[in-house]
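K.L.:
Got a sequence here, can you model it:
(2 chains)
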2 protein chains.
Amino acid sequence: MTVELICVGTELLLGNIVNTNAAFLAEQCAGLGLSCYFQTVVGDNGERLRMVLKQASERSDIVILCGGLGPTEDDLTKETAAELFGRRLVEDSHSRRLIEDFFKNRGIKPTENNWKQALIPEGAIVLDNANGTAPGLILEEKNGKVILLPGPPNELIPMFHESVAPYLKKCAPGVIASRTVKICGIGESSVETTIRDLIDKQTNPTIATYAKTGEVHVRVTAQAESEKAAEKLLRPTVKELKSRFGADIYSAEEDMTLEKAVIGILHAFGMTVTCAESCTGGMVSSRLINVPGASDVYKSGVVTYSNKAKRRLLGVKKITLQKYGAVSPQVAEEMAKGALLLGRADVSLAVTGIAGPDGGTELKPVGLVYIACNVRGNVKVEEYHFNGNRAKIREAASVAALTLLRSHVLACSTAASGGKKKK
Amino acid sequence: MTVELICVGTELLLGNIVNTNAAFLAEQCAGLGLSCYFQTVVGDNGERLRMVLKQASERSDIVILCGGLGPTEDDLTKETAAELFGRRLVEDSHSRRLIEDFFKNRGIKPTENNWKQALIPEGAIVLDNANGTAPGLILEEKNGKVILLPGPPNELIPMFHESVAPYLKKCAPGVIASRTVKICGIGESSVETTIRDLIDKQTNPTIATYAKTGEVHVRVTAQAESEKAAEKLLRPTVKELKSRFGADIYSAEEDMTLEKAVIGILHAFGMTVTCAESCTGGMVSSRLINVPGASDVYKSGVVTYSNKAKRRLLGVKKITLQKYGAVSPQVAEEMAKGALLLGRADVSLAVTGIAGPDGGTELKPVGLVYIACNVRGNVKVEEYHFNGNRAKIREAASVAALTLLRSHVLACSTAASGGKKKK
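P.N.:
The predicted model follows:
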């Protein structure tokens, strides 16, 4: 069964707001096992809205419209749908009473145009709006269903959960389950090459790769009659991915991020971490601290952007800076050693590099970054070359730092436990 | 002249990501005086993409597609456009060389499918991608122009500014000039109320407000026959905005960010800055360091997430922490004082707050943040209440910190120069 989304609003066409409603509705519909092939945004214009709605209702089983149910003359969604499907607008006494109550409870006097919101296309199913005055509406047409929802997210989201999802569940033929296998430290094309054969023979489940900065996500999606059957379909593919990518997979959980995985590992090993950042300038610390509960693991860190700060706070030697330069494996190593002492932590991460746009030379071009990870004295230093503008290089360096931290802590801990993996 | 946006990606249809590209492109196109009536999202499916592209190219003068230019088999945008407009795919040696360089600089071996990205529809204008391997493409067809852009925002945004905007400017009938007045420290509805009369009577120039985290941008756009005439139309409105918002405007320059403005002010006054961050955890430092040339102004900073770190690195007193708690104006002030000494800077910024989701109490709820700014011993502490999730609260706190830094440095410097503004 297919669903199509139409978001109505000139503010979307002007880019004044980001279309979070589309993302919310899309995610919800996918979770209900509905296939969505098109999303459209159209302005508050009757003619164009009519054209878009006509096309959508012809090619999809369910059309969900959001926006344009307000009280003003701009708001045309209901009028356009009623006209297109040949339904008269009639006053719904239940909705009128709810609108009266809404204003009474807030001590506001409604204006004349508010009563427009009590008009509904004849025969429509009315969805009460607990957080506003525009009721939601469902039109059950011969060829499919058309659902009209208010635009403000704080009205749309509760209405969807309370009324629309239960309605759609009854319509949907099955369920969709999906799993995202998250990989760090390998590029997208290399990931794709590794699973070319799986992608080529995909049917159900389907497999898709998503490139993120420094990460690749592989999403496996299965459709079946029940949650259990869908999960069963997923299992062999997820298992195969795990066997092919091994430790490069940091998670197969939907809400897991790389920084969350890193915090989780440190937590499991009872280790604390500190950062000494030059070109990333606090970005690595900031990502780690964005994880709720990071305080158990992360106590302090420093940004040592100048050479003086590297010497004074981290004890990097003057001679090392002079001989090798601030962007060198030697300085990265000394930073990581100094950071461990200053931060009194078990693990430290040090980043030094040239983020540009200036400061690059032939020998040390913009994008050159050294990252050192020190696990209780066992230091690993890596050299990286990133492309892009300053922001992009810094972001890529931050992800690489977290990736190195993860792999080095795992390697040291495996070695320490005699090759056995600690649970 | 009309423009239409098509965003390609199954991840958008599944609601995995929010369509920020559409908002970015819509805002940019509006700023260029192009009318946008439709946005469409379609998945990585050749047949449906073809249908959407055909319709868009028939009803709009310019079609901008984003996404689906990657190296994998999923990526079909270029192939579909080439097929629809009857152009062969040919290898572009320039693009191939750039891809070679991209991998060489990173010390990575490209896989076979990477070379697919060097194929272009015959006769297309190639837009270099400084931040990735997929070039942008412009197809000049009889009835209009089709522009293909990479999906990752950090590739799309710079490419748009560098190559697409100058190209579109040449296409537009007449000239559009726009100016964005950037305001910090006031909410959107308050900004709107202040200029309600200007918005109501707008014709040419037009006025639109854009809410950003902690900022509001007011964009004034004028259309005229020449650059000079358009600029002349803008001037009175921009002047009026400046007179209404005064020092709350941090810039009216297109490429200016709040952190750039802050670095500029510190530079002008010959001051250095340091940060001591708790809940923002390096985010303020990271934003400052993202400004090229920040090294003249920013030397070092610390992340003091634990109470111990606040005491040990910043000299916050144990009694202050016990008496008032880590999230208090008193601790913020001591952090700012300690940071100035540790960082040996002229100005310090200290942030302490509860970013959630846990840790809130009735007296100190999630979202409570104290920020202190110390300008050579003159400390100002402010209390804030932010809404949203952890990431949102931390981001809002970072913007508020930069806003406070800006206003306090300006206030102290104006006072020091006897009320006269230093040039």
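K.L.:
What residues does the stretch 51-200 of chain A have near chain B?
P.N.:
A:52, A:178, A:187-190, A:192-193, A:199 (CB under 8 Å from any CB of the partner chain). For every residue, glycine as well, the C-beta is placed using N, CA and C.
K.L.:
Let me see the contact set for residue A:150.
P.N.:
A:66-67, A:69-70, A:129, A:132, A:134, A:136, A:156, A:159 (CB atoms under 8 Å, 6 or more residues apart in numbering or on different chains).
K.L.:
Strands - which of those land there?
P.N.:
Judged by DSSP state E, strands contain the following of those: A:66, A:136.
K.L.:
With neighbour count as extra columns, can I get the contacts of residue A:150 in JSON lines?
P.N.:
Supplementary listing: those in JSON lines, determined by neighbours: other CB atoms under 10 Å in any protein chain shown:
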{"residue": "A:66", "neighbour count": "28"}
{"residue": "A:67", "neighbour count": "27"}
{"residue": "A:69", "neighbour count": "27"}
{"residue": "A:70", "neighbour count": "23"}
{"residue": "A:129", "neighbour count": "25"}
{"residue": "A:132", "neighbour count": "19"}
{"residue": "A:134", "neighbour count": "30"}
{"residue": "A:136", "neighbour count": "25"}
{"residue": "A:156", "neighbour count": "26"}
{"residue": "A:159", "neighbour count": "24"}
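K.L.:
what distance separates the start and the end of stretch A:273-281?
P.N.:
Distance between the two ends of stretch A:273-281: 16 Å, counting by CA to CA, to the nearest Å.
K.L.:
Do it and chain B come into contact?
P.N.:
Yes: residues of stretch A:273-281 are located near chain B by CB under 8 Å from any CB, namely A:275, A:277, A:279-281.
K.L.:
Now neighbour count and pLDDT too, for those, in a markdown table please.
P.N.:
Formatted as a markdown table, the residues of stretch A:273-281 next to chain B follow (neighbours: other CB atoms under 10 Å in any protein chain shown; pLDDT from 0 to 100):
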| residue | neighbour count | pLDDT |
| --- | --- | --- |
| A:275 | 34 | 98 |
| A:277 | 34 | 98 |
| A:279 | 24 | 97 |
| A:280 | 34 | 98 |
| A:281 | 30 | 97 |
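K.L.:
Which members of the contacts of residue A:150 are positioned in helices?
P.N.:
Counting by DSSP state H, the contacts of residue A:150 place A:156, A:159 in helices.
K.L.:
Out of the contacts of residue A:150, which is nearest to residue A:414?
P.N.:
residue A:156 (48.5 Å; CB to CB).
K.L.:
any idea how far the closest one is from residue A:29?
P.N.:
As for residue A:156, its distance to residue A:29 is 13 Å (criterion: CB to CB, to the nearest Å).
K.L.:
do residue A:372 as well
P.N.:
Residue A:372 sits 46 Å away from residue A:29, going by CB to CB.
K.L.:
again with residue A:214
P.N.:
Using CB to CB, one gets 30 Å for the distance from residue A:214 to residue A:29.
K.L.:
who has more neighbours, those two?
P.N.:
residue A:29 (28 against 20; other CB atoms under 10 Å in any protein chain shown).
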